[in-house]
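1. Have a look; sequence and predicted model below, questions after that.
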Amino acid sequence: MKRTRYLSLLIALMIGIVVGAEPTGRVVRITDGDTITLRLEGRRERVRLSGIDAPERAQPFGERARQHIASLCFQRLVTLSDTSRDVYGRLLAVVTTDSVNVNRAMVRDGFAWHYHEYSSDATLAQLHSEARAAKCGLWSDADPVAPWDFRRGAYEASQPDSQTAGITVYVTRTGRKYHRSGCRYLRRSKIAISLEDAKSQGYTPCSICKPPR
Ligand SMILES: [Zn+2]
């Protein structure tokens, strides 16, 4: 009896391979709200969920986005579909577990943006608008910074010749660090100050959001 079950499983697997079944693997690591690692056919494969962009871990809701995607798929078996590679060679895919489309669920629940610059998916666009209107997740913030804007800010600040004149940073009522606008440490209070003033008043740069120096 047992043997017959194994045999039928084996045949099912072989058929799956022949017809090019969508790859299935177990999620073994969560990097952030849009990047996970699967164990797939004996190797580890890092997957960037396509069409969505979750807040960076240094941004407000970055950690919550990571926890949310973990609650959806960590240690579960997931299936990849619509796979492709981006210009950096990263594997892009729609991730599905127990018939839940994780890409859509992240946008629906307000833990990721529809990455409209690289995706024209009408469903993701719709879920994004609905989550935003309902102030779900990160949309409860008055003025959330899109992750692509946050990354560009971080990139520009990392350029050696960036001018310090006219740069605004943010401090809190009690902290001794200064931050860039999207930093998660600005949840309680956020006071704008020029970079020069922040430095002359003895504030030091936050090690999480890495504001300009
Ligand atoms: Zn910071």
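-> Looks like it arrived, so ask away. Numbering: from 1, shown residues only.
2. Please read off the pLDDT at D197 from the model.
-> You'll see D197 listed with a pLDDT of 89.
3. Distance-wise, check it relative to T168.
-> Distance of D197 to T168, given as C-beta to C-beta, to the nearest Å: 10 Å. Yep, even glycine has a C-beta here, placed from its N, CA and C like the rest.
4. P147 now?
-> Distance from P147 to T168, by C-beta to C-beta: 20 Å.
5. In terms of packing, which of these two has more residues around it?
-> Ranked by neighbour count (other C-beta atoms under 10 Å), P147 and T168 place P147 first, with 24 against 15.
6. how about V100, what does it touch?
-> V100 makes contacts with L72, as judged by C-beta atoms under 8 Å, 6 or more residues apart in numbering.
7. Stretch 170-180: which residues count as buried?
-> Y170, V171, T172, G175, K177, Y178, H179, R180 (16 or more other C-beta atoms under 10 Å).
8. Quick one: mean pLDDT for stretch 95-102?
-> Averaging pLDDT along stretch 95-102 gives 95.
9. now stretch 56-63: mean pLDDT?
-> 93.
10. before we move on, what about stretch 41-48?
-> For stretch 41-48, the mean confidence score works out to 93.
11. which residue ranges form the helices in the protein?
-> Assigned by DSSP state H, the helices in the chain fall at 2-18, 62-73, 102-108, 122-133, 147-158, 195-200.
12. what's the second one in contact with?
-> Outside helix 62-73, the residues within contact range by C-beta under 8 Å, 6+ apart are 27, 30-34, 36, 54-57, 95, 97, 100, 102, 105-106, 109, 111-112, 137-138, 184.
13. my read: R26 touches R39, true?
-> Yes. The pair R26 / R39 is scored as a contact, 5.2 Å apart, by C-beta atoms under 8 Å.
14. Can you give me the pLDDT of A133?
-> For A133, pLDDT reads 96.
15. give me every residue that touches R76.
-> R76 neighbours (C-beta under 8 Å, 6+ apart): R26, V27, T97, D98.
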